[in-house]
Each structure stands twice: as C-alpha cells, then as structure tokens.
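# sharing a model that was predicted from the sequence below.
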Amino acid sequence: NAGVMQNPRHLVRRRGQEARLRCSPMKGHSHVYWYRQLPEEGLKFMVYLQKENIIDESGMPKERFSAEFPKEGPSILRIQQVVRGDSAAYFCASSPPGQGAGSEKLFFGSGTQLSVL
Amino acid sequence: GDSVTQMEGPVTLSEEAFLTINCTYTATGYPSLFWYVQYPGEGLQLLLKATKADDKGSNKGFEATYRKETTSFHLEKGSVQVSDSAVYFCALSVNTGGFKTIFGAGTRLFVKA
C-alpha cells in the first residue's frame, strides 16, 4: 500500500511564475490536508479537502493560492505569481473517511520544497 | 481559537538522558492529542496519540498522558538515543465536520553520543 505521494520533491520557480504541487493520498483515503512549513517553524494549516469539496480553507492566503481535490486524480495546490515569501516546504497529508476515533490520524507525504528565485 | 503551545528548542541531551518536551493546548470541545516526529528531509510520522482524558499514548519508549485538568500532553522518554534526534510536534485534532489537525511549532531535539 503506497503512502502519500507528493511531487515534485523540489520545485524551483522565478518570481511571477505559477507553482503546481501534487498530492496523491493513500489508497482509500478521502481527506486531504495541505500544510506549509517555513524554515525553523512549525506546520501551518492551509486547507482541508474531501473529494470535490473544500471543507476548511481558513489557512489559505486570500490571493494567489488555490486548492482542489477532483473526483479523479491527485489534489493540486496552485500558487499563482509566486513571490520569494512563498518559498517553503509544502506538506500534504491524508486520512481515511469516517469521523470515529482513529480517523484523525494523518499520514504525511515527504513534501515539496518550493524555492522562488 | 484552538491552539497548541510547546516548549521552544533546541533541546540538547546526552545519550541515555531523560527527555521531557512540554505541550499545552487550548481547544473548544474534546480534542484528540498527538505527538508527531519529523526526521530530516521527511514528512511527519505519528509517534503516539491519546483520545480521552487520562489516556496514555506510548510508542518506541516515548509516552504522553492526556491531562484534561491542566490541558497538557507532555512527551517523555526515560533514556534517549542518538537516533531520536528529530523535530517533535505536539498536535490536536478537532471535529470541524471532518477532523482538522493543528500543530505546535515543533521542538528540535539533538542527542549527543
């Protein structure tokens, strides 16, 4: 059973370009979460999605950032017109369906390191 | 809002020393509590969890007890090893129509041989 897969592992963009980060959750998982980690800082929640629905996007910047989790295919975190301050590690996590005990455990991918030149 | 506060690092210990990393939380409702560990260049991995008051989570010699009265979930290990060097994150999970996990800032642990 493959784990959470994120790609690319490293992404380099110039200011003003678009960055697309992909996340394939574990098989059978229907919940996806995106977190951002800045150097020497903790994980900051960005967005929580289920298939075709955004459940909680309270951590997403209001502009330039968007996320989707289509019925088919991976979840995508999209950053338009990147700036240097967007440089960070972006982690995706998934969890299985249901709301009972045990479903809150998150399984993390290895992250995408975004560098904006 | 819901939040997690953990002790600042880095924490530097010698091998076989006793480890405590403090964690306190603020939450509406009744959260589940977690410790995750992050090794260099990797994503986070669940270390242990507790879902109700007085539960003790344990794994790989680490343990933490859910203390509702002090809203704490301190991580302890009796004898650390060099391989325990990593960043440790305390977290809580709340039901917002699905579970949303909120992390503390992380505490970096260095263990010297």
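Received, thanks.
# which residues touch the residue positioned nearest the centre of chain A?
The C-alpha lying nearest the average C-alpha coordinate of chain A belongs to A:W34 (C-alpha atoms, centre = their mean; 3.2 Å). Each residue near A:W34 by C-beta atoms under 8 Å, 6 or more residues apart in numbering or on different chains is listed here: A:C23, A:M46, A:V47, A:A67, A:S75, A:L77, A:Y90, A:F91, A:C92. To be clear about C-beta, it is placed using only N, CA and C from the backbone, and glycine gets the same treatment.
# could these be laid out in JSON lines, adding neighbour count, secondary structure and pLDDT?
JSON lines is the format used below for the contacts of A:W34 (neighbours: other C-beta atoms under 10 Å in any protein chain shown; DSSP: H, G, I helix; E, B strand; the rest coil; pLDDT from 0 to 100):
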{"residue": "A:C23", "neighbour count": "26", "secondary structure": "strand", "pLDDT": "97"}
{"residue": "A:M46", "neighbour count": "21", "secondary structure": "strand", "pLDDT": "94"}
{"residue": "A:V47", "neighbour count": "22", "secondary structure": "strand", "pLDDT": "94"}
{"residue": "A:A67", "neighbour count": "22", "secondary structure": "strand", "pLDDT": "97"}
{"residue": "A:S75", "neighbour count": "22", "secondary structure": "strand", "pLDDT": "97"}
{"residue": "A:L77", "neighbour count": "26", "secondary structure": "strand", "pLDDT": "98"}
{"residue": "A:Y90", "neighbour count": "22", "secondary structure": "strand", "pLDDT": "96"}
{"residue": "A:F91", "neighbour count": "26", "secondary structure": "strand", "pLDDT": "95"}
{"residue": "A:C92", "neighbour count": "29", "secondary structure": "strand", "pLDDT": "96"}
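# taking these, tell me the two that lie furthest apart.
Using C-beta to C-beta, the contacts of A:W34 span at most 13.1 Å, a distance reached by A:A67 and A:F91.
# chain A against chain B: which residues are in contact?
Residues of chain A lying close to chain B by C-beta under 8 Å from any C-beta of the partner chain are A:4, A:31, A:33, A:35, A:41-45, A:48, A:50, A:55-56, A:91, A:93, A:95, A:99, A:101, A:103-111.
# which among the residues you listed end up buried?
A:4, A:31, A:33, A:35, A:42-43, A:45, A:48, A:55-56, A:91, A:93, A:95, A:103-111 (16 or more other C-beta atoms under 10 Å in any protein chain shown).
# sort out for me which of these are in strands.
Judged by DSSP state E, these include A:31, A:33, A:35, A:43, A:45, A:48, A:55-56, A:91, A:93, A:95, A:107-108 as members of strands.
# going by distance to B:S14, which of those residues wins?
Within these, proximity to B:S14 (C-beta to C-beta) peaks at A:L43, which comes in at 28.8 Å.
# any idea what that closest one is bridged to?
Beta-bridge pairing for A:L43 (DSSP bridges): A:Q37.
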